[in-house]
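Enquirer: Build me a structure from this.
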Amino acid sequence: MNRKDVLDLDDFSADEIEQVMVSAEAMREVLSRPIKRVPPLRGKTIVNLFYEASTRTRISFELAAKNLSADVVNVSASGSSIEKGESLVDTIRTLQALGADMVVMRHQLAGAPYLVAQHLRGSVINAGDGWHAHPSQALLDLFTIRQKYGRIAGLTVVIVGDILHSRVARSNLWGLTRMGARVVLCGPPTLMPDFGVNGRRAGLPAVEVCFDLDRCVERADVVMALRIQKERQTGGLLPSLREYVTLYQLTSNRVARARPDALVMHPGPMNEGIEIAPEVARGAQSVIEEQVSNGVAIRMALLYLLAGDRGTRVVA
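Expert: Numbers count the residues shown, from 1 in each chain. The predicted model follows:
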């Protein structure tokens, strides 16, 4: 991969995304073996630098690095010099001096991984920054869709929920549209960004915006529910969770309006009974567990393509 960092998918070409998909297929084969470990990153160091709590993403990156035989260091804000007031740049300089070559980073502020990329000689993978981006999640979503349909181009993908505050939705917009999918965004008007006339706004790909979920999901190939962040209710953006459930919960009746073989997805963590009904989350059309499993393969592919080809040490 001819790039130093993975910060979002807005600068990825279709060929680059395809390269990640093909590499992830090879990594899935590795994960199917009795011994799920190969040596490409032996002697490399990967550092997971997480300023926010995470379960799926952090563990997924850790497993991915270890499966490639890299050394892994986990750093969280709690219990580190960060609590003593050390700046982000100073933290990165310290990690680099200690031999860190790649940083997998989650931060509560949008743009923080971009700052780190300017100061680290090695690679940076954005594992989620504020409301901005989550590229590895979007790539695993693309990979899961591709596994089912063998393609992404021409499919209709409906994303429903808190679009305004979702870094997953933003990265998926770039990835899905770049690969030729039709994207429909659905949610309450107060939780929808201003996309301007005809669903377009400078700096964002073309999308369709719809506020009636029953109409949006008709003949959809994929329906992805986003976590409704309960803290948004205190900000007056929702009249009540009961109203949200009535209008936007992904129920079996709504899924029935989509194609018979449509996929049901959720990036997690789920609030069952709010954005998605329990029977839908665990139903025959749900690929939510596959998303989690595919996350390891996608992150192995990213680490391999960034660190393996460049012959550098990696810190995640």
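Enquirer: So which residues of the stretch 51-200 of the chain form strands?
Expert: Using DSSP state E, counting those that start in this stretch, the strands found in the stretch 51-200 of the chain span residues 71-76, 102-107, 123-129, 156-160, 182-186.
Enquirer: Can you give me every residue that contacts the most centrally placed residue in the chain?
Expert: By CA atoms, centre = their mean, the chain has its centre lying nearest to residue 137, at 1.8 Å. Going by CB atoms under 8 Å, 6 or more residues apart in numbering, residue 137 touches 57, 128, 168, 171, 172, 267, 295. Glycine gets a C-beta too; all of them are placed from N, C-alpha and C.
Enquirer: try 6 Å
Expert: By CB atoms under 6 Å, 6 or more residues apart in numbering, residue 137 lies in contact with 168, 267.
Enquirer: Likewise for the one 5 residues further on?
Expert: Under the criterion of CB under 6 Å, 6+ apart, the contact list for residue 142 reads residue 175.
Enquirer: sorry, back to before: out of the strands of the stretch 51-200 of the chain, which gets the lowest mean score?
Expert: Lowest mean pLDDT within these: strand 71-76, at a mean of 91.
Enquirer: strands paired with it, and their directions?
Expert: Using DSSP bridges, the strands paired with strand 71-76 are strand 45-50 (parallel).
Enquirer: Lowest mean pLDDT among the helices and strands, pick that one out for this protein.
Expert: Least confident helix or strand of the chain, by mean pLDDT, DSSP states H and E, is helix 231-234 with a mean of 64.
Enquirer: What residues sit buried inside whichever helix or strand comes after that one?
Expert: Using DSSP states H and E, the helix or strand that follows helix 231-234 in sequence is helix 241-248. If you call a residue buried by 16 or more other CB atoms under 10 Å, then helix 241-248 has these buried ones: 241, 244, 245, 248.
Enquirer: tilt between helix 241-248 and strand 156-160?
Expert: Here helix 241-248 runs at an angle of 170 degrees relative to strand 156-160 (axes from the mean of the first three to the mean of the last three CA atoms, to 10 degrees).
Enquirer: which residues touch helix 241-248?
Expert: 160, 213, 238, 274.
Enquirer: what's near enough to touch the third one?
Expert: Translated: residue 238. Going by CB under 6 Å, 6+ apart, residue 238 touches residue 244.
Enquirer: Reformat the contacts of helix 241-248 into a markdown table and put distance to residue 67 next to each item.
Expert: Below are the contacts of helix 241-248 laid out as a markdown table (distance: CB to CB, whole Å):
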| residue | distance to residue 67 |
| --- | --- |
| 160 | 33 |
| 213 | 39 |
| 238 | 41 |
| 274 | 34 |
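Enquirer: Residue 236: neighbour count?
Expert: Residue 236 is flanked by 8 other residues according to other CB atoms under 10 Å.
Enquirer: Actually, residue 92.
Expert: 23.
Enquirer: Next up, the contacts around it.
Expert: Going by CB under 6 Å, 6+ apart, residue 92 touches 116, 119, 120.
Enquirer: Please repeat the previous calculation with a cut-off of 10 Å.
Expert: Counting by CB atoms under 10 Å, 6 or more residues apart in numbering, residue 92 makes contact with 47, 49, 100, 103, 105, 115-120, 124, 315.
Enquirer: same deal with residue 139?
Expert: Going by CB under 10 Å, 6+ apart, residue 139 touches 6, 9, 12, 17, 20-21, 24, 171-172, 175, 294-295, 297-299, 301-302.
Enquirer: burial measure for residue 78, as a count.
Expert: By other CB under 10 Å, the residues close to residue 78 number 10.
Enquirer: roughly how far apart are it and residue 53?
Expert: Relative to residue 53, residue 78 is positioned 9 Å away (criterion: CB to CB, to the nearest Å).
Enquirer: Report how many residues lie close to the closest residue in space to residue 261 that isn't next to it in sequence.
Expert: Closest residue in space to residue 261, ignoring its immediate chain neighbours: residue 285 at 7.4 Å, by CB to CB, 6 or more residues apart in numbering. Neighbours of residue 285 under the rule other CB under 10 Å: 19.
Enquirer: Kindly report the same for residue 75.
Expert: Around residue 75 there are 22 residues (other CB under 10 Å).
Enquirer: Run through the bridge partners of it.
Expert: With DSSP bridges as the criterion, residue 75 is bridged to residue 49.
Enquirer: Check whether it really touches residue 103, as I assumed.
Expert: Yes - here residue 75 reaches residue 103: they are 9.0 Å apart, a contact under CB atoms under 10 Å.
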